[in-house]
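S.K.: Sequence and computational prediction follow.
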Amino acid sequence: MDKSFEANSFFRNLHHTTARQLLLSLPIAIVYIEGEDLYFNQATSDLLGYSNLEIKTLTDWETIVIRNKLPMLQTSLPQVLTIFRKNLSICFIEIILYKEGGTEFWVLHNISNYLQTPDLSVNLSKKTELAFSNLVETLSNTVLDGKYRLEEKIGKGGYGVVYQATQLTLQRAVAIKIFRPLNNTEDQENFNRFQIEGLSACKVNHPNAVSILDSGISSEGIVYLVMELLDGHSLARELDLVSTLPVKRCLEILIPTCQALAEAHRVGIIHRDIKPDNIFLHKVPQGEIVKIVDFGIAKFLDYKSQEMALTTITEQGTVIGTPIYMSPERLSNTAYDGRADIYSMGVIFYQMLSGKVPFEIGQGGIFSLAMKHLSEHPIPLREIDPNIPLQIEDIVLRMLRKEVSYRPTAEELLKELQKLLSSLSEKDLYSQHKKTRCFTFFDTQTMNASKTVKD
C-alpha cells in the first residue's frame, strides 16, 4: 500500500482532539510511529522535496534529511536543526516533540515562514544566525570528506564563512568557503550563487582570477568550495589606508584585473560585482599578484549552457550588486554585457585617483544614487587635480560613459592601459592626488572651531 496514503489515513483516524488540531493548525508536522516507521504530511513533503516513499524510516531521516544523528528531543522544548532538501538547498527548522500515548509527533517550524512576520522576524533571524554561528564555531579541526582539515576562520561573507584549511594528501594550505543557509527563498538562491561562484571561477582559468580547486557536500552535509589561499589584502583595504594611489600603481592593479575580466568575458561570464573589496592584492615571494575574487553573482552569457538556469536568480525585477559601482544599464534593469564590468572599473579608477567615487549616496539614498549614475556626469578628474594626466582622465571618462557602445571592451581597455604604462613619463606615472581631509577639533570650552589638515 502507498505509505503516504497510509499516513493520511492515520491522520484522519486520530480521535484525540488536541492531536487532530495540532496536525491541522501547524504548517509542518511529522508523525513518528513506534519503531522505525516514519510518516509525514504533504506540508512536510513540500518542505523537503522528498515523498514519504523516499523517507520511510528514522534511519532515512538521519541519513538523508539531517545527515546526522537525531539529537535527544525533550517534550515541548524547541530545538533548531539544519535540514537538507532534495534539491540540495539547506534551511533551518525548529523542531518540537509532542507525545500522545505511544506516538511521537515532531512539529517542524520552517523558520523562513516567520521571517516575513514583522513582530517575530528579529528574534527568529537572530536564532538562525545563532544556529549557524554555533555550527561555525564547532568546525575548527573538522575534516571534510577525509580530505580537508578546517583550521582558522579567516573571513565571512553574505552567504558563507571562509576557513584556512589543509589539504591532507598534499599538505597544502587552502581556503574553504562554507555555505551559510538562510531562509526558504534565500537559501536556494544563495546555494545557486555558491554553485555559480564555483562554475564561473572554474571557467575563468586565469592567473588573475581566484582558483577554485574543489567543491562538494561532505558526509556531514556541509556544502563547501575549496579555493587557493590568498595572502595579502584587498584594494578596499589599501584605499582605506592611503586614500589615493599614484597613476603607476593604479595601472599595475587595473591591468591584471582587466586581463582576468577579458578572459571572463571571452568565455561568456560577467562578474557583475567589480569593486575594491573584490580585487585582492595577493603577496607571493616574487612580489604581488592581483586576483579577482567572489564570482557569486556572475552572469553566464552562454544561453545554451546547462548552467544558464542558475543565472536567473534574483533577476525577477531585482538588481543585485553594489550600487556605488554599478553601471547605468544594470541600475535601470536593461540589457547589458561585459562593458557593465568596465563601468565598474571606471568607478574604481576614478576613486583610486581622486580619493572618492564619482557618485555618492546622499540624502536621497539608493534612488538618488541610481539617478546620478543614469543622468549625471562625473566631475572631470583634472578639475579635482590638474596634475592627473589628460590621457588618464580621457580613458576614465570613457569607461564611465552612460552609452554602452562608447565604452571600451575589456580587450580594448587592456591595450590602452598597457600602452599608457609604457608611454607615460615618470612624472605622470608617479602623479598622485593628495586628498584633503577635514578633521573637526572641539574646544572643550567653546565646543566649536574646526581646521583642515592635509594628509
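M.R.: The structure has been received and is ready for your questions.

S.K.: Below-threshold pLDDT in the stretch 251-400 of the chain: ranges please.
M.R.: For the stretch 251-400 of the chain, the stretches flagged by pLDDT under 70 are 296-320, 363-364.

S.K.: Helices of the stretch 301-450 of the chain, residue ranges please.
M.R.: 328-331, 339-354, 365-375, 381-384, 390-399, 410-423, 426-429 (DSSP state H, counting those that start in this stretch).

S.K.: now the angle from the second one to helix 390-399?
M.R.: Helix 339-354 and helix 390-399 meet at an angle of 140 degrees, taking axes from the mean of the first three to the mean of the last three CA atoms, to 10 degrees as the criterion.

S.K.: Using PDB, list the CA coordinates for helix 339-354.
M.R.: Output in PDB follows, covering the C-alpha atoms of helix 339-354 (Å, rounded to 0.1, in the frame of the first residue of the first chain):
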ATOM      1  CA  ARG A 339      31.100  46.500 -20.500                       C
ATOM      2  CA  ALA A 340      29.000  46.800 -17.300                       C
ATOM      3  CA  ASP A 341      32.100  45.500 -15.600                       C
ATOM      4  CA  ILE A 342      34.200  48.100 -17.400                       C
ATOM      5  CA  TYR A 343      31.900  50.800 -16.000                       C
ATOM      6  CA  SER A 344      32.600  49.400 -12.500                       C
ATOM      7  CA  MET A 345      36.300  49.500 -13.200                       C
ATOM      8  CA  GLY A 346      35.900  53.100 -14.300                       C
ATOM      9  CA  VAL A 347      34.400  54.000 -10.900                       C
ATOM     10  CA  ILE A 348      37.300  52.200  -9.200                       C
ATOM     11  CA  PHE A 349      39.900  54.000 -11.400                       C
ATOM     12  CA  TYR A 350      38.200  57.400 -10.600                       C
ATOM     13  CA  GLN A 351      38.300  56.500  -6.800                       C
ATOM     14  CA  MET A 352      41.900  55.400  -6.900                       C
ATOM     15  CA  LEU A 353      43.000  58.700  -8.500                       C
ATOM     16  CA  SER A 354      40.700  61.200  -6.700                       C
END
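
S.K.: Check which helices and strands that helix is in contact with.
M.R.: Applying 3 or more CB pairs under 8 Å, 6 or more residues apart in numbering; DSSP states H and E, one finds that helix 339-354 contacts helix 235-242, helix 247-266, helix 328-331, helix 381-384, helix 390-399, helix 410-423. (C-beta placed from N, C-alpha, C; glycine too.)

S.K.: before we move on, back to that, so which of the helices of the stretch 301-450 of the chain is nearest Lys153?
M.R.: helix 339-354 (28.1 Å; CB to CB).

S.K.: follow-up on the earlier one: reformat the helices and strands packed on helix 339-354 into a markdown table and put mean neighbour count next to each item.
M.R.: Listed next are these as a markdown table, based on neighbours: other CB atoms under 10 Å:
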| stretch | mean neighbour count |
| --- | --- |
| helix 235-242 | 15 |
| helix 247-266 | 22 |
| helix 328-331 | 21 |
| helix 381-384 | 16 |
| helix 390-399 | 18 |
| helix 410-423 | 16 |
